[in-house]
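[1] sequence and predicted model, in that order:
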Amino acid sequence: MSRTTNKRPGKAKSGLSRKQKVAIYIRVSTLYQVDRDSLPMQRKDLIAYASLILGIEEYEIFEDAGYSGKNTDRPAFQEMMQRIRKGEFTHVLVWKIDRISRNLLDFAEMYEELQDLRVTFVSKNEQFDTSTAIGEAMLKIILVFAELERNMTSERVTATMISRANSGLWNGGRIPFGYDYDPDKTAFSIREDEEKVCQMIKNDYMEHKSLVHTSRMLNASGYKTRAGAEWSPTAVWIIISSPFYAGIYRYNRYKGTERRVENPEDEWIMIQNHHPAIFSLEEHEKMLAILDENSRNHRSVGQKHQTERVHIFGGIAYCGKCGSKMVSTPGRLHANGYRPTNYSCPKHRKTKECDNPTVSDTQVGEFVINYILNMLGAKKKFSTIENPEDLERCLLYGNTFSEVEHIDSNGLNEYFNLLSRYSSDDSYTFSVKKSRKKKAEVDPEVEALRKEKEKQERAMKRLQDLYLYSDTSMSEKDFIIRKTEISKRLEEINAMLGMVAKNSEPSLSDEEFVRQASHLLISRELQNRQYIYFKNLAQNVSPEILKAYMETVLDSVLLVDGRVSSIVFRNGLTHKFKYKS
């Protein structure tokens, strides 16, 4: 049974006074292993090892079931590392080192961090711990061979796939629009209904030389993609630029699938007359020439696959009029080298069905980052705030909000009640306390949803405690079934609260939301600021960091007529803004 303390986490203590506690990390890569003996065996043996060999009685288990070891993008592992950084643990204990990662660079980065934090890494099966010189040397040798084995396996798979492609065999993937594939005959055939659309694309593009014009023509005519979506310039570009429509099977163009880095052209596999062609070779080459001509003066839509650009509010910004996810495109390059991102409604770009104008991320970012800053400012001085009206004045402080008349009472009152529950202090952890102020009135339906959300979150916590720490622990299968049921109910509640990003990261509890927002804003760039100029911030802070911050705290931002109409936070809290006429 796990033994944990309720002490508030802080920075790692120094010297011998530091209390010893083990973080036990276990992982299996398939659900098949979850249902067998792998996880229980690892758990039982590692608990015994911590007690009998390391002589440490206090431990906590972090478990990732059904996650691959190719990287460290796993929820329990990330939680463990966050708590290690706060100084909660002195040791990390694993069954084998490949439970952490099969990637040498990922492991080396983690191990370097553990060394800086003076945390000892121990692997039971390899019989070493890094508190000794020989243990550290053995670790590095084993990692080199683990990485070598993985790379050799990858090379064998790649060689097999290339051999198949050279023989004209299809290596799988999404069947291109306009075609069907018969796996028994291993042959492609043309779909007459979709071929008609491809011919329309060819004819319109060769006449007007515009991807936008062609996509709008298709949408105005009522045609849809195979997925039932409206046509975008990118979808048109894929058909126009792909040699597949000229009967050519192209393979090995890119190195892997994640970064989309092109191989040299002499390494590409190009099989002529591989399948029936929809366009002639001459038509295909003519369309490529038009694309090339257009790209001399304007960056073509297709080129976005060749360069990486981080759009800070990409996937978060939504049209407040029609509900569509906003499309992110690079804006005009400023004289100082800064290039903002523009967000526009796809229905406005494709069909003119929506009249919501394009908005720059300098406008969105200035509003959002300073609103979050004001929220944290209100938390710090909440002892002086007596009612929601005082809170509203605090949240709308600054010229950025001069045109905002009111914040919707439901969201405002919810945040007032949330701050009443989680009092302000200098730490990143907030203990639940009794409300010191009269509770603000919230719409009964919204209040009921919030209570149900908290109930399900408590049920999830109890389920995890029962699974990990109870003497009569439940089976992994029962745990996964019950966890799935609770997660599904939480998704339904979040949807009713207005959250739209249900299929991305899980939502945050209220307490975790306040903690995360506080923790992320207390940094060298943002500390003790009363106002933040987003353009300056975007030029001085990595866009990856800014985007990660926004995704950690925000679920979605709705935009109407160039303004932020509402913000939905990751805990389901929604703030809607009413502007002056």
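    Okay, I see it. This one's a predicted model, so the numbers in the text were calculated from it and none came from an experiment. Numbering: from 1, shown residues only.
[2] does residue 63 sit in a helix, a strand or a coil?
    strand (DSSP: H, G, I helix; E, B strand; the rest coil).
[3] using CSV, write out every CA atom in stretch 313-327.
    Extracted C-alpha coordinates of stretch 313-327, given in CSV (Å, rounded to 0.1, in the frame of the first residue of the first chain):
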residue,chain,number,x,y,z
PHE,A,313,-4.1,30.4,-31.1
GLY,A,314,-4.3,27.7,-33.8
GLY,A,315,-6.9,25.1,-32.8
ILE,A,316,-8.2,27.5,-30.1
ALA,A,317,-9.7,30.3,-32.1
TYR,A,318,-13.3,29.8,-33.2
CYS,A,319,-15.8,31.9,-35.2
GLY,A,320,-18.3,33.3,-32.8
LYS,A,321,-20.9,33.6,-35.5
CYS,A,322,-21.0,30.2,-37.1
GLY,A,323,-19.0,28.1,-34.7
SER,A,324,-16.3,27.0,-37.2
LYS,A,325,-12.7,26.6,-36.2
MET,A,326,-10.7,29.6,-37.5
VAL,A,327,-8.1,29.0,-40.2
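[4] and that stretch, how far out from the chain's middle?
    Computed by CA atoms, centre = their mean, to the nearest Å, the chain-centroid distance of stretch 313-327 equals 16 Å.
[5] now stretch 378-391
    33 Å.
[6] in the chain, which helix has the most residues?
    In the chain, with assignment by DSSP state H, the single longest helix is helix 133-166.
[7] so which elements touch that helix?
    helix 104-116, strand 128-129, strand 249-251, strand 269-271 (3 or more CB pairs under 8 Å, 6 or more residues apart in numbering; DSSP states H and E). C-beta here means a position set from N, CA and C on the backbone, and glycine is covered the same way.
[8] same question for the second one, mean pLDDT?
    So that's strand 128-129. Averaging pLDDT along strand 128-129 yields 65.
[9] please apply the same query to the longest one.
    Confidence over helix 104-116, taken as the mean pLDDT, stands at 76.
[10] only C-alpha atoms, please: export that helix in PDB.
    C-alpha atoms of helix 104-116 as PDB (Å, rounded to 0.1, in the frame of the first residue of the first chain):
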ATOM      1  CA  LEU A 104      18.200   7.800 -26.200                       C
ATOM      2  CA  LEU A 105      17.800  11.600 -26.500                       C
ATOM      3  CA  ASP A 106      14.500  11.600 -24.400                       C
ATOM      4  CA  PHE A 107      16.100   9.500 -21.700                       C
ATOM      5  CA  ALA A 108      19.300  11.500 -21.600                       C
ATOM      6  CA  GLU A 109      17.300  14.700 -21.200                       C
ATOM      7  CA  MET A 110      15.300  13.200 -18.400                       C
ATOM      8  CA  TYR A 111      18.400  11.800 -16.700                       C
ATOM      9  CA  GLU A 112      20.300  15.100 -16.900                       C
ATOM     10  CA  GLU A 113      17.400  16.800 -15.200                       C
ATOM     11  CA  LEU A 114      17.300  14.100 -12.500                       C
ATOM     12  CA  GLN A 115      21.000  14.700 -11.800                       C
ATOM     13  CA  ASP A 116      20.400  18.500 -11.500                       C
END
